[in-house]
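[1] Below: sequence and its predicted model.
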Amino acid sequence: GDSVTQMEGPVTLSEEAFLTINCTYTATGYPSLFWYVQYPGEGLQLLLKATKADDKGSNKGFEATYRKETTSFHLEKGSVQVSDSAVYFCALIPTGNQFYFGTGTSLTVIP
Amino acid sequence: KAGVTQTPRYLIKTRGQQVTLSCSPISGHRSVSWYQQTPGQGLQFLFEYFSETQRNKGNFPGRFSGRQFSNSRSEMNVSTLELGDSALYLCASSLVFGNTEAFFGQGTRLTVV
């Protein structure tokens, strides 16, 4: 069935470090892929998305490229800030159906 | 433009009771989905409503139910509460059914004691 496998956390980085959070997926057809972010006590906020192979989603310095050949959608940011501390969720929608979420990766950025 | 509004934000109930949670989607959005978030199971899909009809349902027992009103507002109900129902319940709003642009509310934190 459809699923998302996400890098286990927690991840702790120093400010200005490079961030990668790995995400791979299993899905039939051509799903849309997403990264959501959850700050403490809040709901989910859409960070970026890609709807077809080779699309690159980007927002607030974060990027992820939809790689169909490796079934991956890794999240990257060149220089993290303390304000990026949150939990990040990779998700997919297989052709207009429900979201399937990864388990989430907690990121803490220390000054 | 107002976002997705979930009420109440926090709720404490006793085992065996029932609870109703409310979600008001973004104005003009007609699809509402519900998710349960727990530390052990992560985010799990409960159901999706569009035009007052349930279009999709996750793998939850019949104690979990929902409905959608003509103004697109949705409620979910959990009957005979169990300790394991303690979770953050998130509502997501989309323009139409199957639309991939979903916006989440802040959630209702339910604690069952």
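    Everything's here; your move.
[2] Now for residue 110, how many residues are close by?
    Chain wasn't specified; assuming chain A. 11 (other Cβ atoms under 10 Å in any protein chain shown). Yep, even glycine has a C-beta here, placed from its N, CA and C like the rest.
[3] I was thinking of chain B, sorry if that wasn't clear
    Residue B:110, neighbours per other Cβ under 10 Å, totals 20.
[4] Quick check: it vs chain A, distance?
    Separation of residue B:110 from chain A (Cβ to the nearest Cβ, to the nearest Å): 14 Å.
[5] does that residue really touch residue B:21, like I thought?
    Yes - between residue B:110 and residue B:21 there is a contact at 7.4 Å, judged by Cβ atoms under 8 Å.
[6] Give the residues shared as contacts by these two.
    Residues touching both residue B:110 and residue B:21 by Cβ atoms under 8 Å, 6 or more residues apart in numbering or on different chains: B:11, B:78, B:89.
[7] If you drop the residues flanking it in sequence, what lies closest to residue A:65?
    Distance criterion Cβ to Cβ, 6 or more residues apart in numbering or on different chains; nearest residue to residue A:65, sequence neighbours excluded, is residue A:56 at 4.6 Å.
[8] And that neighbour, how far from chain B?
    The gap separating residue A:56 from chain B is 16 Å, by Cβ to the nearest Cβ.
[9] count of residues packed around residue B:54?
    So residue B:54, with other Cβ under 10 Å, has 13 neighbours.
[10] Mind listing the residues bridging to it?
    Assessed by DSSP bridges, residue B:54 has beta-bridge partners residue B:49.
[11] Report pLDDT for it.
    With respect to pLDDT, residue B:54 scores 92.
[12] just to revisit the earlier point, out of the shared contacts of residue B:110 and residue B:21, who has the most neighbours?
    Ranked by the number of neighbours (other Cβ under 10 Å), these place residue B:78 first, at 25 neighbours.
[13] Out of the shared contacts of residue B:110 and residue B:21, the closest to chain A would be?
    Chain A has its nearest neighbour among these in residue B:89, at 10.2 Å by Cβ to the nearest Cβ.
[14] quick one: contacts of the helix or strand containing the closest one?
    Per DSSP states H and E: residue B:89 is located in strand B:87-94. Contacts to strand B:87-94, defined as Cβ under 8 Å, 6+ apart, come from residues A:43-44, A:99, B:4, B:6, B:21, B:23, B:25-26, B:29-38, B:43, B:46, B:74, B:76, B:100-105, B:107-110.
[15] and the next helix or strand after it, is it in reach of chain A?
    Counting by DSSP H and E, the next helix or strand C-terminal to strand B:87-94 is strand B:103-104. Yes - Strand B:103-104 reaches chain A (Cβ under 8 Å from any Cβ of the partner chain) through B:103, B:104.
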